[in-house]
Every structure is written in structure tokens, then in C-alpha cells.
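Asker: What follows is a protein structure lacking sequence information:
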């Protein structure tokens, strides 16, 4: 595939998702830290897995993420079950307590989060 004068082909290739063995799940550089996502969305498999682990049905997941298709949700659950240890580690690493511990942030009694030096990025 040849790049046009604007370099669009290089941009498209750089942003393309990397397929997995599950047809509706991909990893896309720069999206959700490269975690597996539902193809064409920014919904990480871990988000569906959290709902699944809480006992949500596919219909309830679809009510939460109305832009998804049932087959996509089933595939996200299937991916989770096939990669449970990996996704469970992602879920744990993305819990608010883990993020606060990692960043030095604190949450007050009203739920307001403050980071040292005024921001999560240290600015």
C-alpha cells in the first residue's frame, strides 16, 4: 500500500488495531493503554468483565453500553474467560485505590480526588 502525499496511509496503519483470536476484540496502540478492547470502540474488555462478574446479563451490559452489539458483548465475555488472569490483573490495577496509591492522589470524604502538585501528570 503506497502512502499518499499527506502520509495518511502511515497514520491509518499506526492507528490500526491488532486483532486477537476473538473476532470482535482487538488491541489498539494508544487506546486504553493497549489493553484488549471491543473492536472499533474504546470499551475495554475489563469494563465488560466487571459487569459480568457483578452478575450482569448481556442485556444489562447492552443497556450500559447501548452502542455495542450482543455478539460483541458475548465475544468480550469469551475473551475474558479465555484470558481471565490477565483481565483480572487489569481490573485490579485500574481500581481507584490502586490508581491513588500509584499516583499519590487522595480522595476526600466528598469523593473529590486531588493529586500532588496539582495534577496526575505532576504539573
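Answerer: Cool, the structure landed. Model, not experiment: these values are computed from the prediction.

Asker: For the chain, give me the ranges with low pLDDT.
Answerer: 1-15, 118-123 (pLDDT under 70).

Asker: Excluding chain neighbours, give the residue nearest to the residue nearest the centre of it in space.
Answerer: By C-alpha atoms, centre = their mean, the mean C-alpha position of the chain lies nearest to residue 44, the distance being 2.5 Å. Counting by C-beta to C-beta, 6 or more residues apart in numbering, residue 44 lies nearest to residue 32, which is 4.5 Å off, once chain neighbours are set aside. Glycine gets a C-beta too; all of them are placed from N, C-alpha and C.

Asker: how near is that neighbour to residue 18?
Answerer: 13 Å (C-beta to C-beta, to the nearest Å).

Asker: more neighbours, these two?
Answerer: residue 32 (18 against 10; other C-beta atoms under 10 Å).

Asker: Strands of the protein, residue ranges please.
Answerer: 18-19, 25-27, 36-38, 106-107, 113-114 (DSSP state E).

Asker: Save those as CSV, and put in distance to residue 59 too.
Answerer: Shown next, in CSV, are the strands of the chain (distance: least, C-beta to C-beta, whole Å):
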stretch, distance to residue 59
strand 18-19, 27
strand 25-27, 20
strand 36-38, 16
strand 106-107, 33
strand 113-114, 33
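
Asker: Just name the most buried of those strands.
Answerer: Greatest average neighbour count among these goes to strand 36-38 (a mean of 25), per mean count of other C-beta atoms under 10 Å.

Asker: No further queries at this time; thank you.
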